[in-house]
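1. have a look at this prediction, sequence included:
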Amino acid sequence: MSDLLTRITTYKREEIAEAKRQRPLAALRERAANMAPPRGFLAAIEQRQRQGEYALIAEVKKKSPSKGLIRADFDPAELARAYEAGGATCVSVLTDGPSFDGSLVHLDVVRTTVGLPLLRKDFMLDPYQVVESRAWGADAILLMLSTVDDDTALAIEDAAREFGMDVLVEVHDGEELERAARLRSRLIGINNRDLKTMETSLATAENLAPQVPEGKVIVGESGLRTPEDLKRMAAAGITAFLVGESLARVPDVESATRALLAQ
Ligand SMILES: O=C(O)c1ccccc1NCC(=O)[C@H](O)[C@H](O)COP(=O)(O)O
């Protein structure tokens, strides 16, 4: 694991322990049970792909460890509304506070603003966080295999399935891809960002895509900026994308979203 991920997972474990003290699992489960059913995240992506269109998961992102402040006048609701109007299929909401200035409250706000399925983008280390995600309105979660062992990955996936949520399983190399293939989730995200160097290379997704087993849906993640980048991914068989910075940074987010998706 990179130094950054070690630092993030260390404070995340402390956050989880504190959250469990503040809101025990039983109370969280009750809140999750009272939520409207999940909006189908994978189903929305596959429907878009069946129509021959790109499926965009557009990310509500204020700042990041690699880029610092991305959007000074950050308003999660306004950003999500622009993504929806620009043709996004789903929205990813960063909820990590210390590194991204995210919050679970953003998830709640975005859910009441748009009708698109929502991904909770955070560092999932404990099944407790899955229940928390559902309780705050997420329809899907991200599971980064670089931060969990196989038993934990399975437990997190099981918890998500119990709540009818989808899991985007994130990999960055061949070994993680082999582990991802053993999980039941059909969504595999290939992260182009190397979290040791913070460099992005589209070659990562291009090289790993042919090794993804039949029946899985690949999401190309990070470093995607232009319609040409998406075309390059599509040539490698990837037509679903997770995009944050390049859309969240610009003044006219709706137009930028529409322009990115032009095929
Ligand atoms: O973005 C970062 O700097 C980062 C650092 C450490 C862990 C995760 C990080 N990013 C999360 C993501 O996966 C991206 O937000 C997402 O793929 C969108 O990437 P981009 O379009 O390059 O903003």
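-> Nice, thanks for sending it over. Residues are numbered from 1 along each chain as shown.
2. at the contact with the ligand, which residues of this protein appear?
-> Where the chain comes near the ligand, counting by C-beta under 6 Å from any ligand atom, the residues are 4, 59, 61, 64-66, 191, 195, 221-224, 242-246. For glycine as for every other residue, the C-beta is placed from the backbone atoms N, C-alpha and C.
3. for the host helix or strand of Thr112, buried residues please.
-> Assessed by DSSP states H and E, Thr112 sits inside helix 104-113. Using 16 or more other C-beta atoms under 10 Å as the test for burial, helix 104-113 gives 104, 106-111, 113.
4. so which residues of the protein form strands?
-> 55-60, 63-64, 68-69, 90-94, 118-121, 140-144, 166-171, 187-191, 217-221, 240-243 (DSSP state E).
5. now do the helix holding Thr112: distance to the chain's middle.
-> In this view, helix 104-113 has its centroid 15 Å away from the chain centroid, taken as C-alpha atoms, centre = their mean, to the nearest Å.
6. same thing with stretch 248-263?
-> That offset, for stretch 248-263, works out to 19 Å (C-alpha atoms, centre = their mean).
7. what's it in contact with?
-> Residues from elsewhere that reach stretch 248-263, judged by C-beta atoms under 8 Å, 6 or more residues apart in numbering: 53-54, 56, 58-62, 70-71, 79, 82-83, 85-88, 224, 226-227, 230-231, 243, 246-247.
8. filter those to the buried ones?
-> Among those, those classed as buried by 16+ other C-beta under 10 Å are 54, 56, 58-62, 70-71, 79, 82-83, 86-88, 224, 230, 243, 246-247.
9. so what's Ala153 up against?
-> Contacts for Ala153 (C-beta under 8 Å, 6+ apart) come out as 143, 145, 169, 179, 183.
10. for stretch 149-158, which positions count as buried?
-> 152-153, 156-157.
11. how about the helices in the stretch 151-263 of the chain?
-> 174-181, 202-208, 227-235, 245-248, 253-261 (DSSP state H, counting those that start in this stretch).
12. give me the neighbour count for Gln22.
-> By other C-beta atoms under 10 Å, the residues close to Gln22 number 9.
13. quick one, what contacts the closest residue to Phe123 other than its chain neighbours?
-> Excluding the flanking residues, the one nearest Phe123 by C-beta to C-beta, 6 or more residues apart in numbering is Lys12, at 4.9 Å. Contacts for Lys12 (C-beta under 8 Å, 6+ apart) come out as 96, 122-123, 125.
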